[in-house]
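Student: Predicted model and sequence below, questions to follow.
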Amino acid sequence: MPLLVKICGLSTRETLQTALDAGADMVGFVFFPPSPRHLSLELGRDLGRQVKQRALKVALTVDADDATLDNIMDALAPDIFQLHGKESVARLRDIKQRFGRPVMKAVPVETAVDLAALPGYAAVADRILFDARAPKDATRPGGLGAPFDWHLLENLKLALPYMVSGGLHAQNVADALRITRAGGVDVSSGVESAPGVKDPELIEAFIRAARTTQELSVR
Ligand SMILES: O=C(O)c1ccccc1N[C@@H]1O[C@H](COP(=O)(O)O)[C@@H](O)[C@H]1O
């Protein structure tokens, strides 16, 4: 299976174009007001049009209600929802039924105990995204540039595609992939010069590093 590379938190036409031209498989748009990457619906609509099916459009939400998801559907027409809050298995099922889109459930990881939630989610989600558990006083549950202990996933057996995120950047993505054997990687802070400010060169370097790892592991 080819490696999936997702660049998340894009908020300008220029950096979205960089991600598309560099070959991102998924481009993520954040709809969560406390985030420095939060998009208005109008900007989401504009950026969504620019994608032109060159990558999958991912709508990142955190415990969003139906009205919010309705608005995002109308503006962005996402290919997949990334649910990054405390959404229950039942809520995942509701969202899939109501919106007819696949869902990627973010699972926060700090210790092995956090993996106990997996069987429930795996029965409904289309994909799992492992991210570092945010500190209790954090203003958001992700996008903090912090990694988790990738060795926790070393012996994972999951009959579902999964991606890894949290504190990734061009210099550590190879190690993350080697240890976790994930089918995809997702980055936000590691391709920014400041919170919410994407850096074109860092985006290109990240995608290049991830693809190089992929080529080496195929040989
Ligand atoms: O990017 C955000 O601001 C964000 C807000 C709320 C939930 C998740 C968020 N981002 C996601 O977090 C992970 C890790 O990001 P980072 O590379 O460590 O900055 C990634 O999946 C982002 O999509």
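Tutor: The structure has been received and is ready for your questions. This is a predicted model, so every value here is computed, not measured.
Student: Could you give the number of residues near residue 93?
Tutor: 14 (other Cβ atoms under 10 Å). Heads up, the C-betas are built off the backbone N, CA and C, glycines and all.
Student: lowest average confidence, helix or strand, in the chain?
Tutor: Of all helical and strand segments in the chain, the minimum by mean pLDDT, DSSP states H and E falls on helix 200-218, at a mean of 88.
Student: That helix packs against which elements?
Tutor: strand 4-7, helix 13-21, helix 173-180 (3 or more Cβ pairs under 8 Å, 6 or more residues apart in numbering; DSSP states H and E).
Student: What is the shortest one packed up against?
Tutor: With contacts defined as 3+ Cβ pairs under 8 Å, 6+ apart, strand 4-7 has these neighbours: strand 26-30, strand 162-165, strand 184-187, helix 200-218.
Student: any idea of the angle the last one forms with helix 173-180?
Tutor: The directions of helix 200-218 and helix 173-180 differ by 40 degrees, with axes from the mean of the first three to the mean of the last three Cα atoms, to 10 degrees as the criterion.
Student: just to revisit the earlier point, residue 117: which of the helices and strands packed on strand 4-7 is closest?
Tutor: strand 162-165 (13.1 Å; Cβ to Cβ).
Student: and the closest one, what does it pack onto?
Tutor: Checking 3+ Cβ pairs under 8 Å, 6+ apart, strand 162-165 ends up next to strand 4-7, strand 127-132, helix 173-180, strand 184-187.
Student: among the ones you listed, which is the most enclosed?
Tutor: For the helices and strands packed on strand 162-165, the largest average neighbour count (mean count of other Cβ atoms under 10 Å) is found in strand 184-187, namely a mean of 26.
Student: is that one anywhere near the ligand?
Tutor: Yes. Legend: contact between strand 184-187 and the ligand by Cβ under 6 Å from any ligand atom is shown at 186, 187.
Student: Summarise which helices and strands that strand is packed against.
Tutor: Packed next to strand 184-187, using 3+ Cβ pairs under 8 Å, 6+ apart, are strand 4-7, strand 26-30, strand 127-132, strand 162-165, helix 173-180.
Student: right, and residue 160 touches residue 127 too?
Tutor: Yes. In this structure, residue 160 is within contact of residue 127 by Cβ atoms under 8 Å, at 6.6 Å.
Student: residue contacts, residue 87?
Tutor: 63, 95, 105 (Cβ atoms under 8 Å, 6 or more residues apart in numbering).
Student: Disregarding residues adjacent in the polypeptide, which is nearest to the first one?
Tutor: Nearest residue to residue 63, sequence neighbours excluded (Cβ to Cβ, 6 or more residues apart in numbering): residue 85, at 3.5 Å.
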